[in-house]
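> Sequence isn't available, so here's the structure alone:
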């Protein structure tokens with residue numbers, strides 16, 4: 001199959017039960033310092049860089065297909081997992097919160113989600129059900145992971161699951177309204 005006929009992962013379905021459960025394409029496994037990004041023209045995950053700081057991603061990090069966030073990229077999603085998956089893995093996840101974030105002066109919010117099929121998170125439906133210290137670690141990661149690169153990010157705290165679902169819907173509408 002040629003690249004021209006292969007389906008681009010950005011165009012995979014958002015999910016049959018969206019926005020309550022969404023498909024997420026993992027770019028960066030939990031615990032990694034490597035920043036992988038999906039290259040849509042090659043349909044491959046490429047190493048963008050290693051984080052300059054001695055810190056690691058606090059969950060599987062990726063994007064929701066068929067979405068367009070305010071920064072012009074697909075909507076970012078951090079999935080809390082017991083074990084890391086791998087780049088390219090599709091995870092059905094339940095949005096439980098939204099981390100408000102500014103990256104380089106632009107909105108870059110992150111949806112916090114849990115895997116639908118993971119028993120450890122079966123009863124988690126809102127970020128308030130996550131240990132407060134774990135939320136602080138996630139927020140700290142996103143506030144500091146680019147500092148040694150000379151880039152500035154800031155966070156504005158957490159919004160609830162309803163806000164996360166609303167962001168999913170708005171990002172999907174933005175994607176659908178964008179000319180191809």
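Great, that's in hand. Since the model is a prediction, treat every value here as computed from it, not as a measurement.
> When you work out contacts or count neighbours from here on, use the C-alpha atoms and nothing else.
Fine.
> The host helix or strand of residue 95 pairs with which strands, and in what direction?
For residue 95, the element it lies in under DSSP states H and E is strand 90-103. If you go by DSSP bridges, strand 90-103 pairs up with strand 22-28 (antiparallel), strand 106-107 (antiparallel), strand 110-115 (antiparallel), strand 153-159 (antiparallel).
> what's the closest of those to residue 84?
strand 22-28 (9.0 Å; Cα to Cα).
> Quick one: mean pLDDT over that closest one.
The average pLDDT for strand 22-28 rounds to 99.
> For whichever helix or strand comes after that strand, buried residues please.
Next in sequence after strand 22-28, counting helices and strands by DSSP H and E, comes strand 34-39. If you call a residue buried by 16 or more other Cα atoms under 10 Å, then strand 34-39 has these buried ones: 34-38.
> So which elements touch strand 34-39?
Identification of packing neighbours for strand 34-39 by 3 or more Cα pairs under 8 Å, 6 or more residues apart in numbering; DSSP states H and E yields strand 22-28, strand 44-50.
> highest average neighbour count across the ones you listed?
Neighbour counts averaged per stretch over the helices and strands packed on strand 34-39 are highest for strand 22-28, at a mean of 27; criterion: mean count of other Cα atoms under 10 Å.
> That strand to strand 34-39, inter-axis angle?
Compare the direction of strand 22-28 with that of strand 34-39 by axes from the mean of the first three to the mean of the last three Cα atoms, to 10 degrees and you get 130 degrees.
> Now do strand 22-28: distance to the chain's middle.
Between the centre of strand 22-28 and the centre of its chain there are 7 Å (Cα atoms, centre = their mean, to the nearest Å).
> cool, stretch 155-165 as well?
13 Å.
> Surely residue 30 and residue 84 touch.
Yes - taking Cα atoms under 8 Å as the definition, residue 30 is a contact partner of residue 84 at 4.9 Å.
> Please say which of the two ends up with more neighbours.
In terms of neighbours (other Cα atoms under 10 Å), residue 30 is the more surrounded of residue 30 and residue 84; the figures are 22 against 18.
> What's the separation between that one and residue 41?
Spatial separation of residue 30 from residue 41 under the definition Cα to Cα, to the nearest Å is 25 Å.
> coming back round to it: what about the strand holding residue 95, average pLDDT?
98.
> And the nearest residue to residue 93 once chain neighbours are set aside, how far from residue 151?
Closest residue to residue 93 in three dimensions, ignoring its sequence neighbours and counting by Cα to Cα, 6 or more residues apart in numbering: residue 115, at 4.3 Å. Residue 115 is 31 Å from residue 151, where distance means Cα to Cα.
> And the two? Which one has more around it.
A direct count of neighbours by other Cα under 10 Å for residue 115 and residue 151 places residue 115 higher, at 23 against 11.
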